[in-house]
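*Asks:* I would like the atomic coordinates for the input below:
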Amino acid sequence: MEPFRTLTDRAAPLMLANVDTDVIIRIERLTAPDQSVLGRYAFEALRYRPDGSEDPDFILNQPAYRGASILLAGSNFGCGSSREGAVTALMGMGLRCVIAPSFGDIFFGNCFQNGMLAIRLSEDEISALVRQAIAGAPFTVDLDAQCVVAGDARIRFEIDPQRRESLLTGLDDLGLTLTHLDKIRAWQTSDRQARPWVWEPVTITPGDGV
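*Replies:* Numbers count the residues shown, from 1 in each chain. This next block holds a predicted model:
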């Protein structure tokens, strides 16, 4: 996945609480054989009118925020079902960072597995950022320094060290594990000597009741 270090761009304030994963991407859209098209369906019910035309009232359709890669959101963002495609859809429309008071737990974890930075801040801190976004201030999200800067607002955020490392390096859990391959192989060699019976191949023949 693409590493995340510093992002400077506009931020769009979508201050709705309890935006669930079905609002982010409808379940039937996930059957698309090419997952790269999911971005066009992100926020479909909010983004488009029944006739398929864009709704100009939707924040990400407005000229000031169209194409923004930072989203300010309301509490419990990404609640609902555990569809990883919700993160894929958001990234498909160009978002790389979502800032909210709270997130659905599974959505929050899926963000880091796919290169999206999810940041938890207090409601007061987000209100300060919303004011800057409305004023048109550029935002800088610095993962190295763990801070968000917008206008005269400079706000530090906390992040799990392993998730931070994953984003900085562009490695998911498996990729991070493989960086310790030498240690893994050394343990395997040692364990083969200490417990050889564990490593013996098992042959299963028909009729063994398996």
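*Asks:* From L171, how far off is the closest residue to R47 other than its chain neighbours?
*Replies:* In space, and not counting its chain neighbours, R47 is closest to F58: 5.1 Å by CB to CB, 6 or more residues apart in numbering. Every residue, glycine included, has its C-beta placed from N, CA and C. According to CB to CB, to the nearest Å, F58 and L171 sit 35 Å apart.
*Asks:* likewise P201?
*Replies:* P201 sits 32 Å away from L171, taking CB to CB as the criterion.
*Asks:* same deal with I59?
*Replies:* For I59, the distance to L171 - CB to CB - is 33 Å.
*Asks:* between these two, which one's more packed in?
*Replies:* Between I59 and L171, I59 has the larger neighbour count (other CB atoms under 10 Å), namely 20 against 16.
*Asks:* Contact partners for the more buried one?
*Replies:* The contact partners of I59, by CB atoms under 8 Å, 6 or more residues apart in numbering, come to A12, P13, L14, Y65.
*Asks:* would a markdown table of these with neighbour count and pLDDT be doable?
*Replies:* Shown next, in a markdown table, are the contacts of I59 (neighbours: other CB atoms under 10 Å; pLDDT from 0 to 100):
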| residue | neighbour count | pLDDT |
| --- | --- | --- |
| A12 | 22 | 97 |
| P13 | 22 | 97 |
| L14 | 21 | 97 |
| Y65 | 20 | 96 |
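*Asks:* Quick check: the farthest pair among these?
*Replies:* L14 and Y65 (8.9 Å; CB to CB).
*Asks:* re the thing from before, pretty sure the residue nearest to R47 sits against A45.
*Replies:* No: distance between F58 and A45: 9.7 Å, which falls outside the contact criterion (CB atoms under 8 Å).
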